[in-house]
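Trainee: sequence plus the predicted model coming up.
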Amino acid sequence: MALNTEVWVNQLKENFYPESSFLNKVLDYSGLVNNNKIHIASAGIDPKVLVNNKTYPIKIVGRDDTDNELPLDKFETENTIVRRPEAIEYSYDKLESVLRQHRATLQKAVAIKAAHSIAPNSDTDDTPIVPTNGEDTNGRKRLTFENVLELKERFDAAEIPMDKRYLVLHPKHVSDLLMQDMKLFKNLTNIVDGEPIKFAGFGCLSFSHMPTYSYSGSVYTKVAYGGEDTQNFASFAFYMDEVMKADGDIFMYSKENDPAERATIVGFDKRFVCMPIRNKGIGAIVSASSL
């Protein structure tokens, strides 16, 4: 009996983003996707506000928006051999055992790419990068609450609204804060009613696969995606309305009743992109080297 690919694909989509995922806290532009591409208009300059103006007519200023066509990235799983597909087709437990592997692999891959894309390339007024300054441990300086407060102040200076800020912490940075004050931080990365508990205005989440930064002449620069891992791993922060994600197609490939394998072979690909909208309202805390 042929595999019902629609059932498999729908099952893969279900609960694709876990409740604790930072990808639930960015704008969803999936409705703008067409043929696995998305058009994003970069807004022009903000209008000036006149206070107690007495000069009329008020000046007319044009706004030049830039339309950017962005293809969604393609994420592909390696193929899995499925024995006795007719049994798997009608047994939820067996179906889920196969899908769980592919879902988890895709979840991890898109989140790693998203984390790298959100983290700023370099330190600017709109994309602050704060180095850690805590005690030395294994060649790096620990994260401190003061570092988080410094990032908050940098966001404040950039006039980033307070209500939708999120800080995604590397697990080692979570440990750093726990060691500094376990009573204060022990529940900070818990989810309550769908929202993380806040510290310094940031809803705090955690993710283990973070971008890294190179260091030269007091300047931190983000290492290219897939580049060499370094000691300077980071946590990153963002303002919800300045970061977008978009989901495209999920496709299932299958080769049924392969005579050589005496089995059915399946694999999936997913189209997805996540990125800052204006390269503003994003930041990072980078583990400074203590060597």
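Mentor: Right, received. Where do you want to start? Predicted model, so just to flag it, every value in this text is computed and none were measured. Residues are numbered from 1 along each chain as shown.
Trainee: ok, longest helix in the protein?
Mentor: In the chain, taking DSSP state H as the definition, the longest helix is helix 92-118.
Trainee: where does the prediction get shaky in the stretch 101-250 of the chain?
Mentor: Residue ranges of the stretch 101-250 of the chain with pLDDT under 70: 183-195, 229.
Trainee: again, only using 90
Mentor: Along the stretch 101-250 of the chain, the parts satisfying pLDDT under 90 run over 101, 138-139, 163, 174, 177-200, 215-218, 226-231.
Trainee: just the buried positions in the longest helix of the chain, please.
Mentor: 94-95, 98-99, 102-103, 105-107, 109-118 (16 or more other Cβ atoms under 10 Å). C-beta coordinates here come from the backbone N, C-alpha and C atoms, glycine included.
Trainee: partner residues bridging Ala284?
Mentor: Counting by DSSP bridges, Ala284 forms beta bridges with Ile129, Phe236.
Trainee: mind listing what it touches?
Mentor: By Cβ atoms under 8 Å, 6 or more residues apart in numbering, the residues touching Ala284 are Ala119, Pro120, Pro128, Ile129, Val130, Pro211, Tyr213, Tyr220, Ala234, Ser235, Phe236, Ala237.
Trainee: buried only: go through those for me.
Mentor: Using 16+ other Cβ under 10 Å, the buried ones in the contacts of Ala284 are Ala119, Pro120, Pro128, Ile129, Val130, Pro211, Tyr213, Tyr220, Ala234, Ser235, Phe236, Ala237.
Trainee: pLDDT score for Phe268?
Mentor: Phe268 carries a pLDDT value of 92.
Trainee: what distance do you get for it to Ala109?
Mentor: 11 Å (Cβ to Cβ, to the nearest Å).
Trainee: swap in Ala234?
Mentor: 19 Å.
Trainee: equivalent analysis for Asp247, please.
Mentor: 13 Å.
Trainee: Val219 is in contact with Pro131, correct?
Mentor: No. Judged on Cβ atoms under 8 Å, Pro131 makes no contact with Val219 at a distance of 10.7 Å.
Trainee: ok, those two, which is more surrounded?
Mentor: Neighbours were counted for Pro131 and for Val219 using other Cβ atoms under 10 Å; Pro131 has more, 21 against 11.
Trainee: contacts only, for the more buried one.
Mentor: Lys141, Asn147, Tyr220, Ile285, Val286, Ser287, Ala288.
Trainee: from Ser218, how far out is it?
Mentor: 9 Å.
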